[in-house]
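Student: Just a sequence and a predicted model for now, questions to come.
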There are 2 protein chains.
Amino acid sequence: MTEPTRIPERSGTAFLLPAGALLEVIDPKGVQVADLLAFNADDVGEAISSGRTFDYAETIYLTTGHLLYSNRSRPMLEIVADDVGRHDFLLTPCSADTFRHFYPDQPVHRGCFGNLAAALAPHGITEDMIPSAFNCFMNVPVDGETGKLRVLPPISKAGDKIVFRAAMDLIIGLTACSAFDSNGGSFKPIDYRIVSSENVESN
Amino acid sequence: MTEPTRIPERSGTAFLLPAGALLEVIDPKGVQVADLLAFNADDVGEAISSGRTFDYAETIYLTTGHLLYSNRSRPMLEIVADDVGRHDFLLTPCSADTFRHFYPDQPVHRGCFGNLAAALAPHGITEDMIPSAFNCFMNVPVDGETGKLRVLPPISKAGDKIVFRAAMDLIIGLTACSAFDSNGGSFKPIDYRIVSSENVESN
């Protein structure tokens, strides 16, 4: 099996994920978050949609067996394995604005939003086209009575991963989280690996 | 005070809401839902964002005093009064696709999504630019343990309303819900009234 690719701390990348291929997102050191976006590679107006996914899944907590839908109600990704079982699909990627809001005493960072926008720009995806991300390993419990949410450190351990199968040719945006609260106050890398559909059976 | 404007059952409309004006959304008969969208009237790439709103409000249940933010982290609407206290910002407007999924034995309807798309098209807003809506009076409790959500009949009574103040010049999309589950199996109108900023003080 090929070695995974490393996304350095507080950075992001974008790449093509062909239909049928698997994407492994790995937390190599534990307690880190990776924001994931997906766009139809043939028409980037079609994007991953938290709202459509909640509609169809009838839950806000997504894990193995769930499909992540596009704004056009088509499956984009299926979660086929999940070591962690706790991810967030409510919140948007942190940006310079959210840094100023939540961390007024810290240096401003462009955040996962800025990292995603930069990585996706060559694919014709503009800032306004960036929706809420699927935030792998992000731990955001919701109080069902009050609706209040909290951003807690991820429960992921070193080497834990979540694996997606692409339902169409996709452009993926993926980050190693830049925010303080999301990862327990530390900044760490994220690894990912693409397993092509020809090799899926043997894995 | 001017009479409210009526949105007939299973339809939608769009209109300009100037900065400072109030928008009253009224459930005239009770137990009905109104999907609300907002776009910056000067640049429709800026749209209401559930994810950014959840970021800043730190709750999924929005009511009096909460701000609804855009994808560019700017306040678009403030909730200034709320007779009901239970609305949904998780789910996307129902569409022909969701009707086929949830109501396979019923005639397909274009839903609030189709009604919003038609009403907003003259303003240069395309289907792919439609995000998750703020669903006034929609009752979607979430189980904090499992994440499972349910679509229950609204708790709104005849004449109940929610009132928003515009923080910028906005194009508003607003519907009277078309789906079966959201409104307890009935289809009813929604009323709305705009109170201009010159008249706000006297109300």
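Tutor: Good, I have the coordinates.

Student: Enumerate every residue touching the spatially closest residue to A:Phe113 that is not a sequence neighbour.
Tutor: Leaving aside its sequence neighbours, A:Phe113 sits nearest to A:Ser95 (Cβ to Cβ, 6 or more residues apart in numbering or on different chains; 3.6 Å). For glycine as for every other residue, the C-beta is placed from the backbone atoms N, C-alpha and C. Each residue near A:Ser95 by Cβ atoms under 8 Å, 6 or more residues apart in numbering or on different chains is listed here: A:Arg110, A:Gly111, A:Cys112, A:Phe113, A:Gly114, B:Ser73.

Student: and with 7 Å instead?
Tutor: With contact set as Cβ atoms under 7 Å, 6 or more residues apart in numbering or on different chains, A:Ser95 has these partners: A:Arg110, A:Gly111, A:Phe113, A:Gly114, B:Ser73.

Student: Now do the contacts for the most centrally placed residue in chain A.
Tutor: Central residue of chain A (Cα atoms, centre = their mean): A:Leu36, 2.2 Å from the mean position. Contacts for A:Leu36 (Cβ under 7 Å, 6+ apart) come out as A:Val25, A:Ala133, A:Phe134, A:Cys136, A:Ile172, A:Leu174.

Student: The fifth one in helix, strand or coil?
Tutor: When you say that, I think you mean A:Ile172. Using DSSP: H, G, I helix; E, B strand; the rest coil, the structure places A:Ile172 in strand.

Student: Go ahead and confirm A:His66 touches A:Ile79.
Tutor: Yes - look at A:His66 against A:Ile79 with Cβ atoms under 7 Å: they come within range, at 5.2 Å.

Student: From B:Asp83, how far out is A:Ala121?
Tutor: Using Cβ to Cβ, to the nearest Å, we find A:Ala121 at a distance of 45 Å from B:Asp83.

Student: neighbour count winner among those two?
Tutor: Neighbour totals were compared for A:Ala121 and B:Asp83, and B:Asp83 leads with 15 against 12 (other Cβ atoms under 10 Å in any protein chain shown).

Student: For the nearest residue to A:Ile171 once chain neighbours are set aside, what are phi and psi?
Tutor: Using Cβ to Cβ, 6+ apart and skipping residues adjacent in sequence, the residue nearest A:Ile171 is A:Phe39, 4.6 Å away. Backbone dihedrals for A:Phe39, given as degrees, to the nearest 10, come out at phi -130, psi 140.

Student: burial count for A:Phe39?
Tutor: Quick note: A:Phe39 (other Cβ under 10 Å) scores 27 neighbours.

Student: so what's it up against?
Tutor: Per Cβ under 7 Å, 6+ apart, neighbours of A:Phe39: A:Glu46, A:Ala47, A:Ile125, A:Leu170, A:Ile171.

Student: And A:Phe137, by the same measure?
Tutor: A:Asp27, A:Gln32, A:Val33, A:Ala34, A:Val84, A:His87, A:Pro154, A:Ser156.

Student: Would you mind naming what in chain A lies close to chain B?
Tutor: A:45-46, A:49-52, A:54-56, A:58-61, A:71, A:73, A:90-92, A:95, A:97-98, A:101, A:128, A:131-132, A:141-144, A:146-149 (Cβ under 7 Å from any Cβ of the partner chain).

Student: Of the residues you listed, keep whichever come out buried.
Tutor: Among the residues of chain A next to chain B, those classed as buried by 16 or more other Cβ atoms under 10 Å in any protein chain shown are A:45-46, A:49-52, A:54-56, A:59-61, A:71, A:73, A:90-92, A:95, A:97-98, A:128, A:131-132, A:141-142, A:144, A:147, A:149.

Student: Which ones among those lie within helices?
Tutor: A:Ser50, A:Gly51, A:Arg52, A:Phe54, A:Asp55, A:Tyr56, A:Asp97, A:Thr98 (DSSP state H).

Student: farthest pair in the residues you listed?
Tutor: Across these, the longest distance by Cβ to Cβ is 30.6 Å; it joins A:Tyr56 and A:Asp97.

Student: Beyond the lengthiest helix in chain A, next helix or strand please.
Tutor: Secondary structure of chain A read by DSSP H shows that its longest helix is helix A:111-120. Following helix A:111-120 in sequence order, the next helix or strand is strand A:134-136 (DSSP states H and E).

Student: now the ones in helices among the buried ones among the residues of chain A next to chain B as TSV including pLDDT?
Tutor: Shown next, in TSV, are those (pLDDT from 0 to 100):
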residue	pLDDT
A:Ser50	98
A:Gly51	97
A:Arg52	97
A:Phe54	98
A:Asp55	96
A:Tyr56	96
A:Asp97	90
A:Thr98	88
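
Student: Neighbours of A:Ile194, how many?
Tutor: 18.

Student: next one: A:Leu17
Tutor: 24.

Student: same thing with A:His123?
Tutor: A:His123 has 14 neighbours, counted by other Cβ under 10 Å.

Student: likewise A:Leu62?
Tutor: A:Leu62, neighbours per other Cβ under 10 Å, totals 24.

Student: where does it fall, phi/psi-wise?
Tutor: The phi/psi pair for A:Leu62 (degrees, to the nearest 10) is phi -100, psi 140.

Student: What residues does it make contact with?
Tutor: Contacts of A:Leu62 (Cβ under 7 Å, 6+ apart): A:Thr53, A:Leu68, A:Ile79, A:His87, A:Phe89.

Student: Same check on A:Phe54?
Tutor: Applying Cβ under 7 Å, 6+ apart, we find A:Phe54 in contact with A:Ile60, B:Leu90, B:Leu91, B:Leu149.

Student: For it, which non-adjacent residue is closest in space?
Tutor: B:Leu90 (5.1 Å).

Student: Go ahead and confirm the one you found touches B:Asn139.
Tutor: No - using Cβ under 7 Å as the test, B:Leu90 is too far from B:Asn139 to be in contact (11.6 Å).
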